[in-house]
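Asks: Predicted model and sequence below, questions to follow.
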Amino acid sequence: MFILLLVLALAVPAAAQEVGVAVRPETIYIENAGGDIGPVERAFFHIVIENKSAGPVDILWVRFDIVNSAGIVISGQYSGQALMALFDSAIDRKRIEPTTKKTLTLKPAERKAISDIFINLPAGFIGEQLLVDVEYKANGKETQSKTDTPLSRMEGFSGRLPFDGIWYVSAEHSYLDPHKRFLAEAFAYDFVQIGENGKSFQRDGRSNADYYAYGKKVLAAKDGTVLSVRSDVMENMPGETVNTAAPGGNVVIIDHGNGQYGYYAHLKPSSSTVKVGARVKAGDPIGEVGNSGDSTEPHLHFHVMNKPDPADADGIPVGFENWKSQSYSHLPSARELGILPRGEFVQP
């Protein structure tokens, strides 16, 4: 289900002949985040460039502009070594299929990407439209291809933490997060539990039962209707080859309303306590943490997407309500709503 890379739904503007330009995801969400001085907004997107011609093309530069009706324009432009480094970085982080590195030349049907672009600006400075302009050389002639994408301020997902107790945020939607290989997982989280020994496991860690998270209850993050339940995937032994045929392993998908679908993955076999069509409330148990699918140790994977099928979905930003952090203080610090930073210990 998770074999969809960010390049596979490439939309090419009608005006583009030799080079196609696409922005992913299809809907660019604007996250509201707290700032040190004032409120901050964040936009996140990828730019994908494809050679649609029968011959090679040389990418000269890529420029993007974020514009709004008040005339505010925020721009970024890349060329030469800087652009080459961005293309190669996307390959290194597995955001796009490999092509020849250290070159700006695209062979026919090849694609390169500038991936994981994060724009953080004071609230109000991110506008309503993203314009992307690519200049390239083909057959001795310099040409441009352009595309534009609306910037949506659709509401991101907000709900409770999908567990009780204290958990460690081992992965979130940062620049280096491997989740971003898949569009549906662009804003995914991974959670584990840490013991007094400072590790996620006790004894030698060779058994799933050695892991503190194993068998812990997974809770619905928000009210909704159960759309899909899978509970027949066998578990991996810790550290062994993962199941790429069923990457999510045992999964519960919940329709949380407003076009938002929660994806709760890597569950313990036969641990799901809900059935398709059941109504659940926030905090209801839906399964137990396991080590099934594309997983090397017991943990909970959670993300929210805009369609029920992860192979056809884009991820939605996730903010959690009424949680506490405890990494840097003796007592937990209360948070009303926010994204979870990697390396934080969190609890409801």
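Replies: Nice, thanks for sending it over.
Asks: Walk me through the domains of the protein.
Replies: 19-152, 157-347 (automatic domain parsing).
Asks: End to end on the shortest one, go ahead and measure it.
Replies: Meaning domain 19-152. 26 Å (CA to CA, to the nearest Å).
Asks: Check the secondary structure at Asn243 for me.
Replies: coil (DSSP: H, G, I helix; E, B strand; the rest coil).
Asks: got the contact list for it?
Replies: The contact partners of Asn243, by CB atoms under 8 Å, 6 or more residues apart in numbering, come to 233-234, 236, 249, 292-295. For every residue, glycine as well, the C-beta is placed using N, CA and C.
Asks: Can you tell me which of those residues is nearest Pro178?
Replies: Asp294 (10.1 Å; CB to CB).
Asks: and the gap between the residue nearest to the closest one when sequence neighbours are not counted and Arg181?
Replies: Nearest non-adjacent residue to Asp294, counting by CB to CB, 6 or more residues apart in numbering: Pro247, 3.8 Å away. Separation of Pro247 from Arg181 (CB to CB, to the nearest Å) stands at 10 Å.
Asks: which of those two has more neighbours?
Replies: Using other CB atoms under 10 Å, the more surrounded residue of Pro247 and Arg181 is Pro247, with 22 against 18.
Asks: my guess is that one contacts Pro310, does it?
Replies: No - Pro247 is beyond contact range of Pro310, at 9.1 Å (criterion: CB atoms under 8 Å).
Asks: so which of the domains of the chain is the most packed in?
Replies: domain 157-347 (a mean of 19; mean count of other CB atoms under 10 Å).
Asks: Which residue is the nearest non-sequential neighbour of Asp210?
Replies: Leaving out its chain neighbours, the residue that sits closest to Asp210 by CB to CB, 6+ apart is Phe201, at 4.5 Å.
Asks: Do a quick rundown of the strands in the stretch 201-348 of the chain.
Replies: 217-219, 224-229, 250-255, 261-267, 279-280, 285-288, 300-305, 318-325, 333-338, 345-347 (DSSP state E, counting those that start in this stretch).
Asks: Show me what the first one is packed against.
Replies: The one in question is strand 217-219. On a contact count with 3 or more CB pairs under 8 Å, 6 or more residues apart in numbering; DSSP states H and E, strand 217-219 meets strand 285-288.
Asks: Could you check how far the strand it packs on is from the centre of its chain?
Replies: Strand 285-288 sits 23 Å away from the centroid of its parent chain (CA atoms, centre = their mean, to the nearest Å).
Asks: Ok, stretch 224-239 next?
Replies: 20 Å.
Asks: what's the answer for stretch 186-194, then?
Replies: 11 Å.
Asks: Use 277 as the first number from now on
Replies: Okay, using 277 as the starting number, the last item reads as stretch 462-470.
Asks: what's in contact with that stretch?
Replies: For stretch 462-470, using CB under 8 Å, 6+ apart, the contacting residues are 301, 320, 438-439, 441-449, 453, 455-456, 476, 487-489, 492, 573-580, 590-594, 616, 621.
Asks: what do you get for stretch 594-603?
Replies: 307, 432-437, 442, 463, 465, 497, 578-580, 608-616, 619-624.
Asks: Contact partners for Ile304?
Replies: 319-321, 406, 425-428.
Asks: surely Arg482 meets Glu516?
Replies: No - counting by CB under 8 Å, Arg482 does not reach Glu516; the two are 9.8 Å apart.
Asks: And the residue nearest to Asp486, how close does it get to Val518?
Replies: Counting by CB to CB - Phe477 and Val518 are separated by 17 Å.
Asks: can you check Tyr487 too?
Replies: Taking CB to CB, one finds Tyr487 at 15 Å from Val518.
Asks: just Asp341 next, same as before
Replies: Distance of Asp341 to Val518, given as CB to CB: 41 Å.
Asks: do Gly591 as well
Replies: Per CB to CB, Gly591 is found 21 Å from Val518.
Asks: Also Asn534?
Replies: Using CB to CB, we find Asn534 at a distance of 33 Å from Val518.
Asks: Then His575?
Replies: Taking CB to CB, one finds His575 at 12 Å from Val518.
Asks: just Tyr305 next, same as before
Replies: Counting by CB to CB, the gap from Tyr305 to Val518 is 29 Å.
Asks: With Gly416 instead?
Replies: When Gly416 is compared with Val518 (using CB to CB), they lie 48 Å apart.
Asks: Please apply the same query to Gly563.
Replies: 19 Å.
Asks: Might one say that Arg479 is in contact with Asp486?
Replies: Yes - taking contacts as CB under 8 Å, Arg479 lies within contact range of Asp486: 4.9 Å.
Asks: Perfect, I'm done here.
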